[in-house]
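> I need the structure of the sequence given here:
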Amino acid sequence: MKKTILLTVTFMLGLILIGCGPEKMATSAQPIQGVAVSDSEGFGGGSQEFIWTSEKQEEIEAFEQLISSASRESIQAKPPIYDMTIDYGEGETGGERIIHLTETADGHFALMYAGHENETYLANKSSTDKVKKLLP
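Predicted coordinates for the structure are as follows:
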C-alpha cells in the first residue's frame, strides 16, 4: 500500500514538473518556407526593405532553431534591431509572421512577435550565433 502511494505521489510530482517547463514561442504547424530580415523601424509592424532573404533549407533551419530555442523570459526589451518575416507558406492570409529581434547585453537574441512586444522570448546563444553569421 505504501509503495502504491509513493509511486502515485512520485508520478504526480513528475507531471507537475513537466508542466512547469519554460514556455516556448508559438509557431505554425507548417514548416518554414522562407525567411526575410530587414533593419527594424521599431516596435509594431515590420519593414519590407529586406537586407537578407533565403529559401535555402540549411539557412531556414538556423532560424527554426532560433525560434524553437527561445523560452519566455521577462526582460526589458530594447528597441528591435531586426524585423524577421517568417513565411510558413499557408497562403496569402496568415502565412507570414513578423518577429522583432533585439540583442541582450550578453549577446543573445530576444524575440517578440510584432504586436506582442510585452511577451519576450530569449534564444539560446548557440542558435543566436548561427543566425548572426548569416546576417550582413
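> Tell me which stretches of this protein form helices.
Taking DSSP state H as the test, the helices found in the chain are 2-19, 57-69, 125-134.
> Report all helices and strands that the last one contacts.
Taking 3 or more C-beta pairs under 8 Å, 6 or more residues apart in numbering; DSSP states H and E as the contact definition, the neighbouring helices and strands of helix 125-134 are helix 57-69, strand 109-113. All C-beta spots, glycine's among them, are computed from the backbone N, C-alpha and C.
> and that helix, how far from the chain's centre?
How far helix 125-134 lies from its chain's middle: 13 Å, per C-alpha atoms, centre = their mean, to the nearest Å.
> which non-adjacent residue is nearest Thr85?
Ala36 (4.4 Å; C-beta to C-beta, 6 or more residues apart in numbering).
> With Asp87 as the reference, measure out to the one you found.
Using C-beta to C-beta, to the nearest Å, Ala36 is found at 7 Å from Asp87.
> who has more neighbours, those two?
Per other C-beta atoms under 10 Å, whichever of Ala36 and Asp87 has more neighbours is Ala36, with 21 against 18.
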